[in-house]
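Enquirer: Sequence unavailable; structure follows:
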């Protein structure tokens, strides 16, 4: 279960959306908090902080995964 949580958290942190820093921070915090629900109330706080920090410290270029499959 912990491995699944780690994979989901990593995916969520890498998928924070938005082109502005505020958008990435907010979406990263929301996604991190959602994933953190697996760990109970402390997990929500930790997830929100980790996701928000990741969103704030990354640029859109760093999380660009290329064209979506349906656009290729």
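Expert: Okay, I see it. Since the structure is predicted, the reported quantities are computational estimates derived from the model, not experimental observations.
Enquirer: For residue 6, pull up the helix or strand it's in.
Expert: Taking DSSP states H and E as the definition, residue 6 sits inside helix 2-14.
Enquirer: Low-confidence ranges, the protein, go.
Expert: Low-confidence segments of the chain, defined by pLDDT under 70: 1, 7-18.
Enquirer: before we move on, back to that, following the helix holding residue 6 in sequence, what is the next regular element?
Expert: That would be, after helix 2-14 and using DSSP H and E, helix 21-36.
Enquirer: Near residue 24, how many other residues are there?
Expert: 24 (other Cβ atoms under 10 Å). No exception for glycine: its C-beta is placed from N, CA and C like everyone else's.
Enquirer: Chain neighbours aside, what residue packs nearest to it?
Expert: Leaving aside its chain neighbours, residue 24 sits nearest to residue 55 (3.6 Å; criterion: Cβ to Cβ, 6 or more residues apart in numbering).
Enquirer: Isn't the one you found up against residue 20?
Expert: No. Residue 55 lies out of contact with residue 20 (Cβ atoms under 8 Å); the separation is 10.2 Å.
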